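> Pasting a predicted model and its sequence here:
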Amino acid sequence: MNSVDEVVLKVEGVDLGYSTLQVVFDVSLEVRKKELVGLVGGNGSGKSTILRAVSGMIKPWKGRILFKGEEISGLEPHQMAERGLAHVPMGRQLFPNLTVKDNILLGSYLPRLRANRERNLEKVFSLFPDVKKFAQTEAGALSGGQQQMVAIGRALMLEPDLLIMDEPSLGLSPLYVKQVMQAIRQVADLGFPVLLVEQNIKQVLQFSDRTYVLENGRLVLEGPSSELEGHPMIRKAYLGL
Ligand SMILES: Nc1ncnc2c1ncn2[C@@H]1O[C@H](COP(=O)(O)OP(=O)(O)OP(=O)(O)O)[C@@H](O)[C@H]1O
């Protein structure tokens with residue numbers, strides 16, 4: 001396998017925007033097999049807009065997006081899901097009155113996944129023992145961190161080739177943020193590539209393999225997360241050092 005085959009997601013020089021307002025400028029990034037890649041930036045820097053383009057909700061004004069080597073322009077979100085893209089949305093969006101188990105099973109709605117349902121459910125339960133413990137509990141009764149794991153579990157039922165996660169730490173207490181980040185790391189270590197979008201740069205640098213830093217719609221820094229942690233710009237602007 002050569003390095004080109006290993007690239008799952010490739011964003012090439014995209015400009016993105018809404019009606020006449022451009023919010024993302026010439027952004028390129030990639031996610032390879034087995035990687036946990038962070039995309040970080042402050043409020044309104046364009047992170048969610050990039051995710052919307054990757055999941056087919058908006059089309060690039062310029063540039064292109066390749067998923068498993070195929071250009072995705074023109075594909076609808078459900079077609080992206082069929083091709084193996086799982087989007088874990090901001091705010092988790094579970095059905096609070098359904099049990100945890102039923103919420104997770106909703107992830108295996110595609111016909112090709114039905115045969116593997118039970119096996120995949122067991123995989124999710126062995127990955128997140130807490131989720132298994134609450135299988136029969138209504139999802140709305142769980143803590144924010146546990147609900148986030150349920151949402152990730154639901155996405156794994158899709159047998160995804162790429163998971164994109166939109167601010168999974170939002171609204172969680174520091175203890176739960178750490179648990180959720182550890183869970184995401186475990187998911188990546190199992191072999192599922194993850195694009196993790198976050199404002200919480202400190203946590204992302206600690207758990208991801210590589211990170212892209214976005215400011216006002218432009219990439220200002222990128223590299224191995226371990227190297228960025230010590231970068232003067234990061235220390236000054238984001239870590240307050
Ligand atoms: N549907 C929309 N219509 C018009 N402008 C939008 C729309 N969605 C986002 N924007 C604008 O695009 C810019 C980037 O927003 P985006 O949501 O991508 O940022 P973000 O980095 O994800 O921020 P946050 O962390 O607050 O979600 C902002 O100026 C925002 O106001």
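Received the coordinates, thanks.
> C-alpha from now on. contacts and neighbour counts both.
Fine.
> ok, G42 touching Q199?
Yes - with contact defined as C-alpha atoms under 8 Å, G42 counts as touching Q199 (5.6 Å).
> So these two - more neighbours on which side?
Q199 (22 against 16; other C-alpha atoms under 10 Å).
> how close does that one sit to K133?
In this view, Q199 and K133 are 30 Å apart by C-alpha to C-alpha, to the nearest Å.
> the longest helix in the protein is where?
When the chain is scanned for its longest helix (criterion: DSSP state H), the result is helix 174-189.
> now for that one, which elements pack on it?
helix 144-156, helix 201-207 (3 or more C-alpha pairs under 8 Å, 6 or more residues apart in numbering; DSSP states H and E).
> Just the angle for the first one relative to helix 174-189, thanks.
Here helix 144-156 points in a direction 20 degrees away from that of helix 174-189 (axes from the mean of the first three to the mean of the last three C-alpha atoms, to 10 degrees).
> rewinding a little: for the ligand, find the nearest of the helices and strands packed on helix 174-189.
helix 201-207 (11.8 Å; C-alpha to the nearest ligand atom).
> what pairs with the helix or strand following the closest one, and is each one parallel or antiparallel?
Per DSSP states H and E, the first helix or strand lying C-terminal to helix 201-207 is strand 210-215. Using DSSP bridges, the strands paired with strand 210-215 in its sheet are strand 36-41 (parallel), strand 218-224 (antiparallel).
> picking that back up, ranking the helices and strands packed on helix 174-189 by burial, who's on top?
helix 144-156 (a mean of 25; mean count of other C-alpha atoms under 10 Å).
> on contacts alone, who are the packing partners of the helix or strand following that helix?
Per DSSP H and E, helix 144-156 leads on to strand 162-166 as the next helix or strand towards the C-terminus. Identification of packing neighbours for strand 162-166 by 3+ C-alpha pairs under 8 Å, 6+ apart yields helix 47-54, strand 85-88, strand 194-198.
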